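Participant: got a sequence here, can you model it:
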Amino acid sequence: MFRKYKANLAMTKQQPIHVTMLLSGGIDSAACTAFFIKQGYSVEALHFSYGQAATKKEYESAQAIAKHYGIKLRHCRLTNAGKKQNGHIVGRNAFLLFSALLEFSSQSGLIGIGIHAGTPYFDCAKGFIDRMQLVFDGYSDGRIKISAPFLTWEKPLIWDFCANMNVPIPLT
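Facilitator: Okay, the predicted model is just below:
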């Protein structure tokens, strides 16, 4: 069963080893955290509270996942943010990526994000990641890359990955 992940798990030795993972506390970011840890990268997590409806629960889940994997979790809070409704939040992933770039704690590396295929949102597509990477390259001279390893995976494949990699789903 693990073989079907092999192509997506293969990474070159030329890639940076520091990863700042955007850890929402959900299944996708927990799976992505496991993905980078299993690759042997040095992973730290970054959680944002920006007025989302499930702020408290998401943060508790992010803490539990970070504890499970033994990684550092930093929490950033957007003060005076208006309450966001459940569902699509326009600009969310751009905000998270730019904020992660601002808070990046290394000279080079990856910012991990758990977006995946099968959603209709602009900010969950390859074109969005490509455009954001162009901006990141301008700011970092190409030293900081966005990594969305599940970009071509739909949710059932992520669930399979979680089952095969013992991702702690109950913590999400």
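Participant: low-confidence stretches in this protein?
Facilitator: Along the chain, segments meeting pLDDT under 70 span 1-16.
Participant: what about the residue nearest to Tyr121 when sequence neighbours are not counted, which SS state?
Facilitator: Excluding its sequence neighbours, the residue lying closest to Tyr121 (CB to CB, 6 or more residues apart in numbering) is His88, at 5.9 Å. For glycine as for every other residue, the C-beta is placed from the backbone atoms N, C-alpha and C. Here His88 is recorded as coil under DSSP: H, G, I helix; E, B strand; the rest coil.
Participant: His88: neighbour count?
Facilitator: 13 (other CB atoms under 10 Å).
Participant: assign a three-state SS to Val19, would you?
Facilitator: Going by three-state DSSP: Val19 is strand.
Participant: so who does it touch?
Facilitator: Phe36, Tyr41, Ser42, Val43, Glu44, Gly109, Leu110, Ile111, Gly112, Ser147 (CB atoms under 8 Å, 6 or more residues apart in numbering).
Participant: now, which of those residues sits nearest Asp141?
Facilitator: Among those, Gly109 lies closest to Asp141 (CB to CB), at 13.2 Å.
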